[in-house]
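**Q** sequence first, then the predicted structure:
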Amino acid sequence: MNIRHFSHSGSQRILSILGVSALALGLAACDKQEQPTVGQKLDSAVQQTEQAAADAKVKAENALKNAETKVEEGAAKAQSGAQEMGTAAMGAMDDATITAQVSAGLAKDPDLSAFKIDVDTRAGAVTLSGPAPNASARERAETIAKEVKGVTSVTNNLKVPS
């Protein structure tokens, strides 16, 4: 009987060892983290690359928009500056033209001397300075200046000898 009891006890022992081993293996399997396969690693790498490309595209588009804005602002400033310079040049040219035309008109009058009368023009405003032989010549000089295109006003500082 002892043998039977021993064999029964031995098989029980083997079953217990197998059960504990199975339990230990089961617990060990639960603790293990599943390693990604090569395909999963490749998919992850492709996804990260696509995301990086999308981010780079957005950054490039933003940089391009900023550059376009700055170029447009620079062009607008350059155009505005050129227009202002053109306007100033046209104003200077117009003043010089007005001065020349007033002087030419004075030279045509037999009583007025274009060499003795100083004609100064600023923004279309003409100032006459110098001598006039008489009051009627002084008035004719003012009339001649007023008739020139582009003249906005005339200051007559011509002196008539007393």
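**A** Okay, I see it.
**Q** grab the longest helix from the chain for me.
**A** helix 38-108 (DSSP state H).
**Q** how distant is that one from the center of its chain?
**A** Put simply, helix 38-108 sits 6 Å off its chain's centre (C-alpha atoms, centre = their mean, to the nearest Å).
**Q** low-scoring stretches of this protein, by residue?
**A** 1-11, 23-34, 86-93, 113-115 (pLDDT under 70).
**Q** what about 50?
**A** Residue ranges of the chain with pLDDT under 50: 1-6.
**Q** buried set for stretch 145-157?
**A** 145, 148, 151, 154, 156 (16 or more other C-beta atoms under 10 Å). The C-beta positions use only the backbone N, C-alpha and C, and glycine is treated the same way.
**Q** next: stretch 101-110.
**A** For stretch 101-110, the neighbour count (16+ other C-beta under 10 Å) marks 101, 102, 103, 105, 106 as buried.
**Q** now the residues you listed as a markdown table including distance to residue 18?
**A** Output for those, formatted as a markdown table (distance: C-beta to C-beta, whole Å):
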| residue | distance to residue 18 |
| --- | --- |
| 101 | 123 |
| 102 | 125 |
| 103 | 127 |
| 105 | 129 |
| 106 | 132 |
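**Q** what is the burial count for residue 96?
**A** By the criterion of other C-beta atoms under 10 Å, residue 96 has 11 neighbours.
**Q** next, the spatially closest residue to it that is not a sequence neighbour: phi, psi?
**A** Nearest in space to residue 96, with sequence neighbours left out and distances taken as C-beta to C-beta, 6 or more residues apart in numbering, is residue 121 at 7.5 Å. Per-residue torsions, residue 121: phi -130, psi 130 (degrees, to the nearest 10).
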